[in-house]
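Participant: Got a predicted structure here, sequence first:
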Amino acid sequence: MDSVSSTKKSSMFKKLMDKVPHTYVLIFMIILIASLMTYVVPAGEFDRVELNGRMAIVPDSYHTVEQNPVDLMTVLMSFQLGMINASDIVFFVFIIGGSVGILRSTKAVDALLVKVIYGAQGSGSGKKDNSCYNIIFWIPRRLCWPV
């Protein structure tokens with residue numbers, strides 16, 4: 001009975017995932033809705049004062065300001081300007097991702113972990129069943145102080 005219900009659940013999940021749009025489509029829809037809301041939601045702001053070196057708002061000082069809706073060209077340019085403004089972070093993530101990809105494709109990390117795991121056997125690590133917690137405890141020791 002359990003296998004039948006789990007099969008039904010997995011097929012229902014697959015059908016649901018077929019109907020869900022792609023992540024980029026969802027992000028673009030959110031940006032489009034937010035830009036359309038600049039035409040609907042009234043613009044306003046609070047007055048601000050500096051207290052102890054920090055900016056704070058003045059309670060009950062909300063007032064409306066001139067509406068400044070976002071046009072289509074600004075929405076489309078925001079993607080490019082966002083990438084330019086965050087370029088240092090974007091390229092850092094690309095470089096780290098590429099480095100991890102190289103390490104995974106060459107199996108260097110796998111080889112290191114196998115060496116550490118087999119090196120930890122018989123080093124007073126308690127149980128000899130290679131449980132995950134037992135091994136993880138000894139990885140820093142074996143890397144810093146090889147025996």
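Facilitator: That came through fine.
Participant: Got the domain ranges for the protein?
Facilitator: Per automatic domain parsing, the structural domains of the chain span 1-85, 86-147.
Participant: Compare those and say which comes out lowest on pLDDT.
Facilitator: The minimum mean pLDDT among those belongs to domain 86-147 (a mean of 73).
Participant: State the distance from Ile84 to Ser78.
Facilitator: Taking CB to CB, to the nearest Å as the measure, Ile84 and Ser78 are separated by 11 Å. Where you see a C-beta, it was placed from the backbone N, CA and C, and this is true even at glycine.
Participant: that older thread, include mean neighbour count when you put the domains of the chain into CSV, please.
Facilitator: Conversion of the domains of the chain to CSV gives the following (neighbours: other CB atoms under 10 Å):
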stretch, mean neighbour count
domain 1-85, 10
domain 86-147, 11
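Participant: for the protein, what spans make up the strands?
Facilitator: All strands of the chain, identified by DSSP state E, fall at 44-45, 48-51, 54-57, 63-64.
Participant: Would you point out which residue is most central in this protein?
Facilitator: Val93 (11.1 Å; CA atoms, centre = their mean).
Participant: Would you list the phi and psi of Ser61?
Facilitator: For Ser61, the backbone dihedrals (degrees, to the nearest 10) come out as phi -110, psi 20.
Participant: Tell me who's in contact with it.
Facilitator: Phe46, Asp47 (CB atoms under 8 Å, 6 or more residues apart in numbering).
Participant: quick one: it and Phe46, what's the gap?
Facilitator: Using CB to CB, Ser61 is found at 5 Å from Phe46.
Participant: Quick check: the gap between Val25 and Val49.
Facilitator: From Val25 to Val49 the distance is 43 Å (CB to CB).
Participant: Surely Val75 touches Ile31?
Facilitator: Yes: assessed by CB atoms under 8 Å, Val75 is found in contact with Ile31 at 6.6 Å.
Participant: Just list whatever residues bridge to Thr64.
Facilitator: Gly44 (DSSP bridges).
Participant: Pretty sure it sits against Gly44.
Facilitator: Yes: taking contacts as CB under 8 Å, Thr64 lies within contact range of Gly44: 4.6 Å.
Participant: Name the single longest helix found in the chain.
Facilitator: Longest helix of the chain, by residue count under DSSP state H: helix 87-106.
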